[in-house]
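Chemist: Need a 3D model of the following:
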Amino acid sequence: MTLLLSTFDTPIGSLNLIADEHVLLAANLSSVKALKESLSAEVADREIKLVAKIPVISDLIADYFDGDLSALNAISVRQPGAHFSQAAWKAMKKIAPGKIISYSELAERAGSPAAIRAAGSACAKNAIVLVVPCHRIVKTGGALGNYAYGLNKKEWLLRHEGAL
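Modeler: Residues are numbered from 1 along each chain as shown. Sure thing, here's the model as predicted:
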C-alpha cells in the first residue's frame, strides 16, 4: 500500500507528515528528506504519494491548531525505536494538553525512574513531533529544556495549550 505525504502550514512552520492509511508514521518541522529518513526499514521502500491532505489526520491537526487541543489524541501513530523509547512515547501520548512533566517524571512513567538521560534521548529521537508531544517535557524546575525545532516553537506550543 502506498504511503501518503503531505505538508501542512501551521503557525510554527510547515509540518511534514507521512502516513500509512490512518496511522501517522512520521511528522516533523524540518524537511521532507529528514522525514523520509525517520521511517522504519519495514516501510522505507514503499511508494510515497504526495497529497494535499491526509484523510482524517490533516483535519485533526487543523482542529488542534484551531483550538481543539484534544484532537491529536485521536491520531494513531507508529515509529521504530527501542523498548524504552516506545514506553516513553506511549507515556508522552498520555500527557494531557496544557500539562507538562519533567524528564525524570517521563523516565518514571516509562518504567525506568533512573533512565532520565534515556528519557531525554527518547524525546530527541521522536519522529512524530506534535502528535507524540515531546514538547510537553521540560527540565526539573520548569525550564523548557531542549527542542529539536527551536525553543520558540516549543514555547509557542505550550502557550497554545495553556501550559505557560
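Chemist: lowest average confidence, helix or strand, in this protein?
Modeler: Across the helices and strands of the chain, mean pLDDT, DSSP states H and E gives its lowest value to helix 41-44, namely a mean of 92.
Chemist: Show me how the record splits this structure into domains.
Modeler: As assigned by automatic domain parsing, the chain contains the domains 3-76, 81-160.
Chemist: tell me the most buried of those?
Modeler: Highest mean neighbour count among the domains of the chain (mean count of other CB atoms under 10 Å): domain 81-160, with a mean of 18. Backbone N, C-alpha and C define where each C-beta goes, glycine included.
Chemist: ok, which stretches of the protein are strands?
Modeler: Ranges of strands in the chain, per DSSP state E, are 3-10, 13-20, 23-28, 48-50, 76-77, 101-102, 137-138.
Chemist: Which residues are in contact with the spatially most central residue of the chain?
Modeler: Nearest residue to the geometric centre of the chain (CA atoms, centre = their mean): residue 129, 2.4 Å. By CB atoms under 8 Å, 6 or more residues apart in numbering, the contact list for residue 129 reads 15, 27, 28, 29, 135, 148, 149.
Chemist: residues contacting the closest residue in space to the last one that isn't next to it in sequence?
Modeler: In space, and not counting its chain neighbours, residue 149 is closest to residue 29: 4.3 Å by CB to CB, 6 or more residues apart in numbering. By CB under 8 Å, 6+ apart, the contact set of residue 29 is 12, 13, 14, 15, 16, 129, 149, 153.
Chemist: quick one, helices of the chain?
Modeler: 32-37, 41-44, 57-65, 83-93, 103-109, 116-125, 151-160 (DSSP state H).
Chemist: Worst mean pLDDT among these?
Modeler: Note on the helices of the chain: helix 41-44 shows the lowest mean pLDDT, a mean of 92.
Chemist: and the residue nearest to the centre of the chain, what pLDDT?
Modeler: Looking at residue 129, its pLDDT reads 97.
Chemist: What's the separation between residue 104 and residue 75?
Modeler: Residue 104 is 27 Å from residue 75, where distance means CB to CB, to the nearest Å.
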